[in-house]
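**Student:** For reference, the sequence and a predicted model appear below.
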Amino acid sequence: MNIKYVQPVSEYFKTMQSSKDARATKDESRVASIRNTLMLGKKLRTDDMDYLQRHDPNLHQQAMSLSMERQAYEDALQHSRSKADANYYNTFKLMQIAGQLKQGGSEELLMRSNAIQEAHREFVRSSKYASLR
């Protein structure tokens, strides 16, 4: 048997630990990026939702809740009879979120309000909004 180099076990574990640390840093970075996307009120891609489900179940639950609330808001906007109705509902929804600030959870409330505002901006740019009286 011709063995040129045998790595000490301690070196092997150091290498494995640094690899594990690098992977953990990458995971934290991706979760932070996804959290930032939620903070901006943007929709998450399916692969981001899947990633959260595996790596941060709490944030995944928050993202699911935000997604459902945004979808309900978008559906309500589609049934608006006038531009004033759409704008009133936007104001109502944002005031509802602001009223919950007393209970804490400001990060989630910021995500919610930004998601509502982003959905409203998208609706205002749509042809459906332009066709309202």
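**Tutor:** Perfect, I can see it now.
**Student:** Going by C-alpha atoms from here, please, whenever you check contacts or count neighbours.
**Tutor:** Noted.
**Student:** The spatially most central residue of the chain: what's its closest spatial neighbour, skipping adjacent residues?
**Tutor:** With distances taken as CA atoms, centre = their mean, residue 38 lies nearest the centre of the chain, 2.8 Å away. Once flanking residues are discounted, residue 38 sits nearest to residue 111: 5.8 Å by CA to CA, 6 or more residues apart in numbering.
**Student:** Just the helices from this structure, written as ranges.
**Tutor:** 9-39, 46-55, 57-78, 83-99, 106-124, 127-131 (DSSP state H).
**Student:** ok, back up a step: residue 43 is in contact with the residue nearest to residue 38, correct?
**Tutor:** No. At 10.9 Å, residue 111 does not count as touching residue 43 under the criterion of CA atoms under 8 Å.
**Student:** looking at this structure, which helix or strand is least sure?
**Tutor:** helix 9-39 (a mean of 76; mean pLDDT, DSSP states H and E).
**Student:** before we move on, the earlier item: ok, residue 111 and residue 43, which is more surrounded?
**Tutor:** More neighbours surround residue 111 than the other of residue 111 and residue 43, with 22 against 18 (other CA atoms under 10 Å).
**Student:** coming back round to it: between the helices of the chain, which has the poorest average model confidence?
**Tutor:** In terms of average pLDDT, helix 9-39 trails the rest of the helices of the chain, at a mean of 76.
**Student:** For burial, what's the neighbour tally of residue 29?
**Tutor:** 12.
**Student:** ugh, wrong one, I meant residue 32
**Tutor:** Count around residue 32 with other CA under 10 Å applied: 12.
**Student:** do you know how far it is from residue 118?
**Tutor:** Plainly put, residue 32 is 20 Å away from residue 118 if you go by CA to CA, to the nearest Å.
**Student:** With residue 30 instead?
**Tutor:** 22 Å.
**Student:** Next: residue 86.
**Tutor:** Plainly put, residue 86 is 14 Å away from residue 118 if you go by CA to CA.
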